[in-house]
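**Student:** got a sequence here, can you build the structure:
(one chain, ligands or ions: 2)
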Amino acid sequence: MPETAPTTAPIGLPIRPLTKAAFAPFGTVIEADPARMRLINSGATERYHALAEAEAVGEGAHVIINIFRGSPRAFPYAVTMMERHPFGSQSFSPIDNRPWLVVVAEDENGRPGTPQVFRAGGRQGVNYHRNVWHHPLMTVGAVSDFLVVDRSDPGGNLEEFFYDRPFIIEDPGASA
Ligand SMILES: NC(=O)N[C@@H](O)C(=O)O
Ligand code: NI
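**Tutor:** Numbering: from 1, shown residues only. Ligands and ions are numbered 1, 2, ... in the order given. Now for the predicted structure:
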């Protein structure tokens, strides 16, 4: 029986709704959870308290707040790489209330496994735990701003991995 060549055919990825439970292995979902709400300012403000914690480790490292203005990805989109930040968490919270995609992977002996794609609503952010494999910001449909909380000095805080085969995300459609 002739050896069959290892296929590098692209693999289609399913898109799942972003939920706390499904995302728990990778980090925290940042959303106005009623269980975290407390009224402040004499009732004029709802504080959704301590939804996630930012982490920055290493000499002189500290937490910074940024805005990322993401250009929309073209679909079908080929996921060819993943990255992770060994020394800090990274959170993304949409400012423009537009749905977007979150792509993460389990770590398998130092490399990312198959990407897992989540559809995030326009009022859902995520906080990637330190050293979690994820794809760079994946904006959908229009240029969108995100509030990003991560670690200073990104230069020393980025590990990338390139897959030997592409994983395809089909157009998430307008409902994305
Ligand atoms: N490079 C950079 O700051 N962005 C990535 O970390 C990302 O996750 O988008
Ligand atoms: Ni990142």
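**Student:** quick one: name the residues of the protein near ligand 1.
**Tutor:** Selection of the chain residues close to ligand 1 by C-beta under 6 Å from any ligand atom yields 90, 134, 136-137, 154. Glycine gets a C-beta too; all of them are placed from N, C-alpha and C.
**Student:** so what touches the longest strand anywhere in the chain?
**Tutor:** For the chain, the strand with the greatest residue count under DSSP state E is strand 159-169. Contacting residues not belonging to strand 159-169 are listed as 7-13, 15, 75-86, 101, 103, 111-112, 114-115, 117, 133 [C-beta atoms under 8 Å, 6 or more residues apart in numbering].
**Student:** switch to 6 Å and redo it
**Tutor:** Outside strand 159-169, the residues that touch it by C-beta atoms under 6 Å, 6 or more residues apart in numbering are 8, 10-13, 76-84, 111-112, 115, 117.
**Student:** buried ones among the residues of the chain next to ligand 1?
**Tutor:** Neighbour-count burial (16 or more other C-beta atoms under 10 Å) is assigned, among the residues of the chain next to ligand 1, to 90, 134, 137.
**Student:** format those as TSV; extra columns: pLDDT and secondary structure.
**Tutor:** TSV is the format used below for those (pLDDT from 0 to 100; DSSP: H, G, I helix; E, B strand; the rest coil):
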residue	pLDDT	secondary structure
Gln90	98	strand
His134	99	strand
Leu137	98	coil
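**Student:** identify the residue nearest the geometric centre of the protein.
**Tutor:** By C-alpha atoms, centre = their mean, the chain has its centre lying nearest to Val102, at 4.2 Å.
**Student:** what about the residue nearest to it when sequence neighbours are not counted, which helix or strand?
**Tutor:** Excluding the flanking residues, the one nearest Val102 by C-beta to C-beta, 6 or more residues apart in numbering is Phe118, at 4.4 Å. Phe118 is located in strand 116-120, with elements delineated by DSSP states H and E.
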